[in-house]
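Participant: Sequence first, then the predicted structure:
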Amino acid sequence: MNVIVAAPDAAIRAALLAKLAAAGVVAQREGAAPASFVDAPGRAHGELVLTGARWPAVLPIVVRSNELHWPVAALLDEPDLDAGHPALRRGVAAVLPWAVAPEPFAAALAAVDLGLVVAPGRSRHAADAPGLSPLSERERDVLELVAAGLPTKEIARRLRVSPNTVKHHVAAIFRKLGARTRVEALGAALRRGELTI
């Protein structure tokens, strides 16, 4: 994923870059607006624009990103964000609180990169999903690392287990979520509320 950090204020851009770094994501470019990257040398496909601060101050960035067909993730410093936030109605792919923790932030960016929309609000508990059992605490740990895009060996290293144990947990996650691939499992987990963003 090619993340572009766009915000008119340099201090906000610096804060967004620090949040990305804490989540283990490196920005490809940063500037006042996404328009400045349209003709930049080496521009790649699959850009994701990260912006933030307050709504509607980021609206011009959202409008231009929509024109370029680049998804936008917005970290908003506002109380009471919910799934009805106007940013979502204007095409923002992810609306997150400014104080989002690094792991859920990385998972949200991965979800947007997969074409999903991430909205704030209360998630249904997985047990509310009929016919499917909830994930164990360890399976959720594995799922969060899968959502962050880590390979099996790195997940094993971080959890201090063998790669075979990780594969066992991934197989259990697939079974419980009715998924065949990691992408399907991530989508099902987001829909069921097993993955908190």
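Facilitator: Looks like it came in fine. Numbers count the residues shown, from 1 in each chain.
Participant: and the longest helix for the chain?
Facilitator: For the chain, the helix with the greatest residue count under DSSP state H is helix 163-177.
Participant: Might you calculate how far that one sits from the centre of the chain?
Facilitator: 22 Å (Cα atoms, centre = their mean, to the nearest Å).
Participant: packing partners for it?
Facilitator: helix 137-147, helix 152-159, helix 182-192 (3 or more Cβ pairs under 8 Å, 6 or more residues apart in numbering; DSSP states H and E). (C-beta placed from N, C-alpha, C; glycine too.)
Participant: Could you list the low-pLDDT ranges of the chain?
Facilitator: 34-46, 121-133, 196-197 (pLDDT under 70).
Participant: Can you tell me which residue sits nearest the middle of it?
Facilitator: A108 (1.4 Å; Cα atoms, centre = their mean).
Participant: strands paired with the longest strand seen in the chain, and their directions?
Facilitator: For the chain, the longest strand by residue count, based on DSSP state E, is strand 47-53. Paired strands of strand 47-53, with direction, are strand 2-6 (parallel), strand 72-76 (parallel) (DSSP bridges).
Participant: Distance to T165 and mean neighbour count added to those, as TSV?
Facilitator: Below are these laid out as TSV (distance: least, Cβ to Cβ, whole Å; neighbours: other Cβ atoms under 10 Å):
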stretch	distance to T165	mean neighbour count
strand 2-6	32	24
strand 72-76	32	24
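Participant: okay, now P163: neighbour count?
Facilitator: 14 (other Cβ atoms under 10 Å).
Participant: Next, the contact list for it, please.
Facilitator: Residues near P163 by Cβ atoms under 8 Å, 6 or more residues apart in numbering: 152-153, 156.
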